[in-house]
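*Asks:* what's the 3D shape of this:
(2 chains)
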2 protein chains.
Amino acid sequence: MPEPATTPEPPYYAVIFTSVRTPADPEGYEQMAERMVELAQEQPGFLGVESARGADGLGITVSYWASEAAIRQWREHAEHLVAQQRGRSEWYAQYELRIARVERAYGFDTEIPTTNR
Amino acid sequence: MPEPATTPEPPYYAVIFTSVRTPADPEGYEQMAERMVELAQEQPGFLGVESARGADGLGITVSYWASEAAIRQWREHAEHLVAQQRGRSEWYAQYELRIARVERAYGFDTEIPTTNR
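*Replies:* Now for the predicted structure:
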């Protein structure tokens, strides 16, 4: 079962990546997307990732990081740079990337008592 | 066609809401979700919203706001409070809500020249 990412107490950072796919190369895209998640998980400062793409084609991926330096380092990772380039030339019709500092977080889980909420 | 939200220059705020649905009441949920988007759009300080739910059941909704005060006000809106309560009792198995300050944003659009990027 998919789950929200388990992240530490704020503050930490979020990269919100909202995209619209082109119809091009669905298999190549899927493969690269999986590889990028795998690779991101190995980076220093990586805290977690959440991803969803709806039937209407809009996708949102939020990755969480310990610091802005960690985000910068990931952004400049050689293999990630290649994926970014192919993203712009082939896979994405449009995207918006936002870097944000998470200030507060609240969770809810039906399997965990909620008396403190 | 769905699109990333059009937001002003940072800084502004994002509410990242990541959820897993219960199997309960899909029609009632859809109706309330649509109503909440409609209502949010009328609130002071609302800047935009993006939403996606994947086939695996994980949903991400990011709403953008001009200030933390605007988020607080929306959080305490009477009709929204009712929806939040029903969300916890019926619709959501689990969620995580994060409030973040957007520091930087970058866009890409195949229909807009990218020479400045």
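
*Asks:* For chain A, which residues score under the pLDDT cut-off?
*Replies:* By pLDDT under 70, the low-scoring segments of chain A are A:113-117.

*Asks:* for it, what's the longest helix?
*Replies:* helix A:26-41 (DSSP state H).

*Asks:* Briefly note if that helix comes near chain B.
*Replies:* No - counting by C-beta under 8 Å from any C-beta of the partner chain, chain B is not contacted by helix A:26-41; separation bottoms out at 12.0 Å. C-beta: built from backbone N, CA, C; applies to glycine.

*Asks:* Now whichever helix or strand comes after that helix: buried residues?
*Replies:* Later in the chain than helix A:26-41, the nearest helix or strand by DSSP states H and E is strand A:46-53. Neighbour-count burial for strand A:46-53 flags A:Phe46, A:Leu47, A:Gly48, A:Val49, A:Glu50, A:Ser51, A:Ala52, A:Arg53 (criterion: 16 or more other C-beta atoms under 10 Å in any protein chain shown).

*Asks:* so who does the first one touch?
*Replies:* Applying C-beta atoms under 8 Å, 6 or more residues apart in numbering or on different chains, one finds that A:Phe46 lies in contact with A:Ala40, A:Ser63, A:Tyr64, A:Trp65, A:Ala66, A:Ala70, A:Trp74.

*Asks:* Distance check, it against chain B.
*Replies:* Here A:Phe46 is placed at a distance of 16 Å from chain B (C-beta to the nearest C-beta, to the nearest Å).

*Asks:* what do you get for A:Arg104?
*Replies:* Separation of A:Arg104 from chain B (C-beta to the nearest C-beta): 5 Å.

*Asks:* ok, of the buried residues of strand A:46-53, which one's closest to chain B?
*Replies:* Of all these, chain B sits closest to A:Ala52, with 4.1 Å by C-beta to the nearest C-beta.
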